[in-house]
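Enquirer: no sequence on this one, just coordinates:
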């Protein structure tokens, strides 16, 4: 697979929580760090994602926002 994104973080799937249409996938990337991605349930099935399988988070974004009160 070739993609233009340069922010690729490899890890292992530690949890998948499916909702009505969207799922949260938690990816252990080491050193106690976990990334969470929201993707469709259809994508979970098409990619064959499962707890314990290796996967990569591919981060392509023009903005990252943080807010506080």
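Expert: Done, it's in. None of these values were measured; they are calculated from a predicted model. Numbering: from 1, shown residues only.
Enquirer: only C-alpha atoms for contact and neighbour calcs from this point on.
Expert: Will do.
Enquirer: need the strands for this protein, in chain order.
Expert: Applying DSSP state E to the chain gives strands spanning 7-18, 22-30, 33-40, 54-59.
Enquirer: single out the most deeply packed of those.
Expert: Ranked by mean neighbour count under mean count of other CA atoms under 10 Å, these are led by strand 22-30, which reaches a mean of 19.
Enquirer: residue 46 and residue 40, how far apart?
Expert: According to CA to CA, to the nearest Å, residue 46 stands 10 Å off from residue 40.
Enquirer: now do stretch 4-19: distance to the chain's middle.
Expert: When distances are taken as CA atoms, centre = their mean, to the nearest Å, stretch 4-19 is centred 3 Å away from the chain's centroid.
Enquirer: repeat that for stretch 36-50.
Expert: Its chain's C-alpha centre and that of stretch 36-50 lie 9 Å apart, by CA atoms, centre = their mean.
Enquirer: between the two ends of it, how far is it?
Expert: The first and final residues of stretch 36-50 sit 14 Å from each other (CA to CA).
Enquirer: and stretch 25-35, by the same measure?
Expert: 8 Å.
Enquirer: and the contacts of it?
Expert: The contact list for stretch 25-35, computed with CA atoms under 8 Å, 6 or more residues apart in numbering, reads 9-17, 36-39, 55-57.
Enquirer: ok, of those residues, which one's closest to residue 2?
Expert: Among the contacts of stretch 25-35, residue 56 lies closest to residue 2 (CA to CA), at 13.3 Å.
Enquirer: so who does the closest one touch?
Expert: With CA under 8 Å, 6+ apart, residue 56 has these contacts: 8, 9, 10, 11, 12, 27.
Enquirer: same check, this time on residue 36
Expert: 24, 25, 26, 27.
Enquirer: how far away is it from residue 23?
Expert: For residue 36, the distance to residue 23 (CA to CA) stands at 10 Å.
Enquirer: try residue 64
Expert: In terms of CA to CA, residue 64 sits 21 Å off from residue 23.
Enquirer: cool, residue 63 as well?
Expert: Where residue 23 is concerned, residue 63 sits at a distance of 22 Å (CA to CA).
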